[in-house]
Structure formats: C-alpha cells, structure tokens
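J.: Structure for the following, please:
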Amino acid sequence: MQPTVKKDETDLIALCRQGHDIGFTELYNKYARPVYNSICRIISHTAEAEDILQESFYHAFAGINNLQNATSFGAWVNRIALNRSITYLRKKKVVFTTTYEFDVADDEDYDEDEDQLFDCKVDDVRNAIEQLPQGYKTILNLYLFEDIPQEEIGKMLGISHSTVRTQYHRAKKKVMLSLKNKTS
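T.: I've put the predicted structure just below:
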C-alpha cells in the first residue's frame with residue numbers, strides 16, 4: 001500500500017529513506033525544473049544538461065541518507081548538479097584563464113551601465129550571456145544566478161579569487177557592450 005503524499009519536504013525525505021517511490025517522484029517533480037535551469041546556465045547543450053540532471057538526481061537519491069538537513073534537499077541537489085556541470089566543463093577542457101593583473105575598479109556595487117539593463121528585454125540579456133566565452137559565462141552565472149560567492153567559485157574552478165573577479169567584470173562588460181549594440 002502506497003503512503004499518502006505529503007507536501008512537506010521533511011516527510012518526502014523520510015519517504016525516500018524508507019524506499020517509497022512517491023517520495024522520489026514528488027521531490028523530482030518539485031526540483032527538476034529549477035535544477036535543470038541552473039545546469040543550462042552553465043552547460044549550453046540540452047542533451048548534456050539533461051544527462052547531468054538525471055545523474056544529479058541519481059546521486060542525490062543514492063545518498064539521501066547522507067542528507068543532514070532534510071529541509072535543504074533543493075539546495076543540496078542543485079549543488080550536486082552545479083558540481084557535475086563544472087566537472088563536465090573540465091572534461092571538455094574549458095579553460096578558465098588565470099589573470100595576474102586586476103584591471104577593474106574595486107567597487108563591485110553599482111555600475112552606471114547597469115541602468116541600461118532595465119531598458120533591455122530578458123531575451124536580449126540571455127542571448128548576450130549565451131554569446132560569452134564558456135569560462136566567462138560560467139563565472140557570471142554562478143555568481144549572479146546561483147549566488148555563489150566569488151571565493152567559493154574560485155575554489156570550485158581551481159582558480160584564484162582575483163581571476164574570478166576579473167573574469168566576472170570582463171563578462172559583465174561584454175554583456176553590457178552587447179546590450180548597448182543591441183539598443184543602438
């Protein structure tokens with residue numbers, strides 16, 4: 001007899017730990033789309049992104065007993081997916097350029113060019129980001145959309161914090177330039 005579906009994430013985790021398919025199904029249905037979107041911001045190819053999604057959930061469910069905070073499954077599976085995406089990029093030999101010279105302003109806060117973003121369509125911004133070199137795109141997405149601190153991105157990618165910072169600013173500059181050209 002199947003247990004009744006409980007929407008509380010803690011209950012779904014408990015169902016998974018007991019081996020009930022309904023727990024796995026509910027968690028997958030709840031998190032597959034946002035995790036897939038995170039992967040797609042890093043990996044441009046749909047087929048590879050779908051593979052990484054499946055592998056990520058497989059590893060999450062296989063290690064469900066290791067999850068210490070049952071209310072953070074979404075963040076946990078998303079982190080698994082991001083790590084698998086970065087591993088994929090490393091295997092594809094994506095180069096994250098090491099930069100020894102930091103040539104951007106120390107002020108990371110407000111940039112006057114960012115006003116321009118409000119006049120652009122979301123699709124224009126997505127297209128501008130998609131046109132970036134893979135290394136820039138990865139750093140920009142991890143920092144802006146996944147809200148991962150630059151220091152942690154550096155550790156994940158095996159590069160220095162200053163390199164992450166420089167590549168982030170260069171990526172942002174390229175996106176702004178692309179948007180300026182689009183609106184001109």
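
J.: Name the nearest residue to the residue nearest the centre of the chain, sequence neighbours excluded.
T.: By Cα atoms, centre = their mean, the chain has its centre lying nearest to residue 38, at 4.0 Å. Counting by Cβ to Cβ, 6 or more residues apart in numbering, residue 38 lies nearest to residue 78, which is 5.6 Å off, once chain neighbours are set aside. Every residue, glycine included, has its C-beta placed from N, CA and C.

J.: buried set for the helix or strand where residue 181 lies?
T.: If you go by DSSP states H and E, residue 181 is part of helix 161-183. Within helix 161-183, the residues that count as buried by 16 or more other Cβ atoms under 10 Å are 162-172, 174-176, 178-179.

J.: now it: how far from the chain's centre is it?
T.: Distance, stretch centre to chain centre, for helix 161-183: 18 Å (Cα atoms, centre = their mean, to the nearest Å).

J.: now for it, which elements pack on it?
T.: helix 122-130, helix 134-144, helix 150-157 (3 or more Cβ pairs under 8 Å, 6 or more residues apart in numbering; DSSP states H and E).

J.: Which of those comes out lowest on mean pLDDT?
T.: Within these, confidence is poorest for helix 122-130, with a mean of 84 (mean pLDDT).

J.: angle of it against helix 161-183?
T.: Here helix 122-130 runs at an angle of 130 degrees relative to helix 161-183 (axes from the mean of the first three to the mean of the last three Cα atoms, to 10 degrees).

J.: who does helix 122-130 touch, helix- and strand-wise?
T.: Here helix 122-130 touches helix 134-144, helix 161-183, going by 3+ Cβ pairs under 8 Å, 6+ apart.

J.: so which of the ones you listed comes closest to residue 26?
T.: Minimum separation from residue 26 across the helices and strands packed on helix 122-130 (Cβ to Cβ) falls at helix 134-144, 27.7 Å.

J.: got a list of contacts for the closest one?
T.: 41-42, 44, 82, 86, 89, 94-97, 129-130, 132, 148-150, 153, 156-157, 164, 167-168, 170-172, 174-175 (Cβ atoms under 8 Å, 6 or more residues apart in numbering).

J.: same check, this time on stretch 54-67
T.: Residues outside stretch 54-67 that contact it (Cβ under 8 Å, 6+ apart): 13, 16-17, 24, 28, 32, 35, 39, 73, 76-77, 80-81, 84.
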